[in-house]
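Undergrad: Give me coordinates for this.
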Amino acid sequence: MRFLLALAFASFQCVFTPLAFAEEKPSPVRQLIPWLLDADAALKGILFSDVISATSGKRVLPVDRADADTARILKTIGTVLDEVIVQMNGVDSPAKRQKRVNEMSKFFEDTISAKLNGTAGFECGVPKTKAGHVQRSGYPDLRLVDKATGRVIYLDPKLYAKGSRRSSLRTFYFTPKRETNKVNDDANHLIVGIEHEKTGTDVVFTKWELIDLSKFRVRLKAEFEGSNADMYREDAVVAGSGRTNEK
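TA: Residues are numbered from 1 along each chain as shown. As a prediction, the model looks like this:
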């Protein structure tokens, strides 16, 4: 499986060079496409821990609830999350005024980070990239450090609607990149799942859960993308309003 991941990631990073002659060796991209089409089954059920290991060289550590320090850390996180739920349900909550879930999530991230960072013995903030820059976008959202043990826990808050817990729609994604990689520690990886329910025009945040990602399995979706800048190049325009076909 790690070989397949390495092959896919390496191939995606190769530069496409058109074949000038039929006898030339096929480009990496031309070799990659058939492989993607034939390897669909191999790209499903990939351990997220293998993805992290292959892209960052770091381990996703399983949560050992029998360990005293782990139990203490989880209890602290739980206490903070209870407080956050109460705060986010308050009449002045900015999260309740947002129309989109992504906009609500930001307030949860900021509040969880501030409360954990203000808790004695803990340090929490946005994880830095491998290049040393603070980056809000991308997985994971928060990096928590337990000062007593030096342990690192990555936290990624996600909101979901009541009744959608078993939905098969995509709710998690991870883009492997070298310089903007935000996983730079062997650590526990936890999703902070926050359920919300809409009653009329009001939103109520009903409960939270911590999800261990050490056995989480993901799928690789092959997708080629381009921007407007890539498409609307002057040399590619062949006709348009007020244009002539003259060269």
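Undergrad: tell me the mean pLDDT for the lengthiest helix in the chain?
TA: Using DSSP state H, we find that the single longest helix of the chain is helix 68-88. Taken as a whole, helix 68-88 has an average pLDDT of 97.
Undergrad: Show the residue spans covered by the helices in this structure.
TA: Under DSSP H, the chain gives helices at 2-12, 28-38, 48-56, 68-88, 101-117, 228-231.
Undergrad: From the chain's centroid, how far away is the longest one?
TA: It refers to helix 68-88. 22 Å (C-alpha atoms, centre = their mean, to the nearest Å).
Undergrad: packing partners for it?
TA: Judged by 3 or more C-beta pairs under 8 Å, 6 or more residues apart in numbering; DSSP states H and E, the packing partners of helix 68-88 are helix 101-117, strand 142-146, strand 151-161, strand 188-199, strand 202-212. C-beta: built from backbone N, CA, C; applies to glycine.
Undergrad: which residues sit against it?
TA: 63-65, 93, 95-96, 107-108, 111-112, 115-116, 119, 122, 144, 146, 148-149, 151, 153, 155, 188, 190, 192, 194, 205, 207-208, 210 (C-beta atoms under 8 Å, 6 or more residues apart in numbering).
Undergrad: one more time with 6 Å
TA: 64, 95, 111-112, 115-116, 146, 149, 205, 208 (C-beta atoms under 6 Å, 6 or more residues apart in numbering).
Undergrad: what angle separates that helix from strand 202-212?
TA: Calculated by axes from the mean of the first three to the mean of the last three C-alpha atoms, to 10 degrees, helix 68-88 forms an angle of 170 degrees with strand 202-212.
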